[in-house]
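**Student:** Here's my sequence, what's the structure:
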Amino acid sequence: MNDRSSEPAERRSWLRRLLNRAEVDQAVFYALAARIWQLLAGPVTLVLIAWYFTPQTQGYYYTFWSLVALQTFFELSFPQVIINFASHEWERLSFNDEGGVEGDAGALSRLSSLLRLSLVWYGAAAVLFVIIVTAAGLVFFSYGTFSDTVVWRAPWCTLVVLTAITFATIPCLALLEGCNQVKSVYKLQLVQAIAGNLVVWIAIPLGAGLWTLGLSVFVRLAAEVLLVAGPYRRFFRDLLQRRSGPAIGWREEVWPFQWRLAIKAVVAYFNTYFINLVVFGYHGEVVAGRFGMTWQVLTSLNSACTAWVRTRAARFGMLVARQDYRELDRIYFRLTTIAVVALTIVSAAFCVFDIALYESGSRFATRLLPPGPTIVFAIGTTLALVSSCQWIYIHAHKKSPYLFLTVLGSFITGGLIWTLGRSHGVLGAAVAYTGVMALYYLPLWTWVWHRCRTEWHVLRPEVTTDDLPASSQDGWR
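**Tutor:** As a prediction, the model looks like this:
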């Protein structure tokens with residue numbers, strides 16, 4: 001398709017010009033659209049859950065997701081590794097007219113080896129995930145006060161198995177994103193969000209209960225398979241062929257980068273999903289359900305705004321490969337500023353909505369957290385956005401320094417959430433989470449980002465955006 005970003009400004013609509021000024025390309029548009037859809041659909045889902053689920057079932061519903069998130073321990077950050085390594089190779093490759101891959105033979109061979117390696121990794125991880133996480137869930141949920149009255153065992157096992165099957169598509173989608181096909185990946189996420197909500201809205205009134213989670217994962221899996229086996233069939237066919245050229249060495253190249261990301265991802269569990277487990281374990285299913293619904297909204301808002309930067313991860317990697325650090329910084333600073341401002345506005349709006357619910361005495365207010373902890377968590381997720389953007393920038397260099405500080409911060413967060421959450425409930429957990437974000441992560445990662453940028457970059461003014469291949473430039477294509 002033609003690159004519409006090359007159209008004269010006077011020929012573009014006012015909406016197109018506004019989106020361009022806000023750095024909203026098609027990938028960001030689809031990512032934002034998916035989150036906006038979830039926010040619009042969220043109240044519908046909330047009403048259905050409040051109407052058809054008991055408070056106890058709602059607690060299991062949201063805590064299921066927190067325990068399934070243990071897949072982070074099995075992925076070991078391979079998706080991020082794939083994205084960054086693929087982006088460096090894709091700088092010398094492109095699509096041919098048939099949808100296959102053409103370009104530098106060495107880069108093609110290395111990219112092919114990366115895909116085969118990742119598929120083997122995820123195959124082994126899927127088997128371990130089913131065995132370990134199924135058993136962990138059966139043990140953990142059996143201690144719930146209402147474990148004998150809520151039907152959760154079969155839905156739990158089904159959810160774990162379906163999640164494990166999605167391990168086959170994770171490396172494929174990560175490779176597409178690393179090859180600058182972010183528009184297709186995020187368009188897929190929009191389709192998944194819409195289809196998933198429609199399934200949930202049908203399943204809950206029909207009495208599916210906790211089986212609803214498995215159905216939503218099945219829909220997500222079907223959409224991913226259709227993308228990989230459909231429009232990108234020839235792309236993956238070319239990459240799955242064994243080639244005699246150079247290969248990416250897992251031990252020499254991937255593992256030195258991956259093991260750092262893996263440890264960070266594992267300990268990061270304490271920054272996000274651990275809260276729900278603490279609340280469920282010490283304060284019961286009802287409070288866990290309130291936290292789970294509130295946390296889902298805030299993290300969805302965070303993810304939507306992070307999309308401004310995350311969708312450019314492949315381009316960041318390509319710019320690093322070309323050593324065009326001036327353009328890298330220009331894009332990064334602008335996008336990060338937009339993302340932080342946007343999250344601040346939408347988080348404040350959600351807090352106002354939460355306050356209005358409680359002030360009005362709505363029956364649905366008790367399905368969300370009270371305004372106090374909601375506001376504290378909103379501040380924390382906004383601060384977390386800044387750190388996320390800084391690490392997207394750093395990881396584009398295929399490096400992940402200062403591992404010890406990451407591990408230390410995660411254990412501090414987990415320890416404080418456990419201590420304050422146990423004794424002071426959700427508000428204590430909120431203070432712990434936001435306090436660490438404000439006093440530890442934000443100043444520390446800002447220092448790390450500045451130091452890495454200073455040490456790694458040697459500016460090359462002669463390299464400009466015009467020198468980049470068309471496939472690496474943003475625009476409404």
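
**Student:** what ranges do the helices span in the stretch 51-200 of the chain?
**Tutor:** For the stretch 51-200 of the chain, applying DSSP state H, counting those that start in this stretch gives helices covering 55-68, 72-75, 78-90, 105-142, 153-165, 170-178, 182-203.

**Student:** for those, which one sits closest to Val28?
**Tutor:** helix 182-203 (7.8 Å; CB to CB). (Glycine included, C-beta is placed from N, CA and C.)

**Student:** tell me the angle of the closest one relative to helix 78-90?
**Tutor:** 150 degrees (axes from the mean of the first three to the mean of the last three CA atoms, to 10 degrees).

**Student:** Low-confidence regions, the protein specifically.
**Tutor:** Residue ranges of the chain with pLDDT under 70: 1-25, 39, 146, 458-477.

**Student:** Name the residue closest to the centre of it, please.
**Tutor:** The chain has Ser303 as the residue nearest its centroid, 6.4 Å off, counting by CA atoms, centre = their mean.

**Student:** could you point out which element follows the host helix or strand of that one?
**Tutor:** Secondary structure from DSSP states H and E places Ser303 in helix 274-310. Note on helix 274-310: by DSSP H and E, the next helix or strand toward the C-terminus is helix 313-321.

**Student:** buried set for the following helix or strand past that next one?
**Tutor:** The element immediately downstream of helix 313-321 (helix or strand, assigned by DSSP H and E) is helix 325-360. Judged by neighbour count (16 or more other CB atoms under 10 Å), helix 325-360 contains these buried residues: 325, 327-328, 331-332, 335-336, 338-340, 342-343, 346-347, 350-351, 354-355, 357-358.

**Student:** try stretch 415-430
**Tutor:** 416-418, 420-421, 425-430.

**Student:** Check those and tell me the two furthest apart.
**Tutor:** Among the buried residues of stretch 415-430, Trp418 and Leu427 lie farthest apart (CB to CB), at 14.6 Å.

**Student:** Tell me who's in contact with the nearest residue to Gln241 once chain neighbours are set aside.
**Tutor:** Leaving aside its sequence neighbours, Gln241 sits nearest to Ser112 (CB to CB, 6 or more residues apart in numbering; 6.6 Å). Listed by CB atoms under 8 Å, 6 or more residues apart in numbering, the contact set of Ser112 reads 238-243, 247.

**Student:** So which of those residues is surrounded by the most neighbours?
**Tutor:** For the contacts of Ser112, the largest number of neighbours (other CB atoms under 10 Å) sits with Leu239, at 23 neighbours.

**Student:** Can you show me the CA trace of the helix or strand containing that one as PDB?
**Tutor:** Here Leu239 sits within helix 233-240, counting by DSSP H and E. Only the C-alpha atoms of helix 233-240 are listed here, as PDB (Å, rounded to 0.1, in the frame of the first residue of the first chain):
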ATOM      1  CA  ARG A 233       1.500 -18.000   5.900                       C
ATOM      2  CA  ARG A 234       4.400 -17.500   3.300                       C
ATOM      3  CA  PHE A 235       6.300 -15.400   5.800                       C
ATOM      4  CA  PHE A 236       6.500 -18.200   8.300                       C
ATOM      5  CA  ARG A 237       7.000 -20.800   5.600                       C
ATOM      6  CA  ASP A 238      10.100 -19.100   4.400                       C
ATOM      7  CA  LEU A 239      11.500 -18.700   8.000                       C
ATOM      8  CA  LEU A 240      10.800 -22.300   9.000                       C
END
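
**Student:** Name the residues that touch it?
**Tutor:** With CB under 8 Å, 6+ apart, helix 233-240 has contacts from 95, 98-101, 108, 111-112, 115-116, 172, 175-176, 228.

**Student:** Could you single out the nearest of the residues you listed to His395?
**Tutor:** For the contacts of helix 233-240, the minimum distance to His395 (CB to CB) is 16.1 Å, reached by Leu175.
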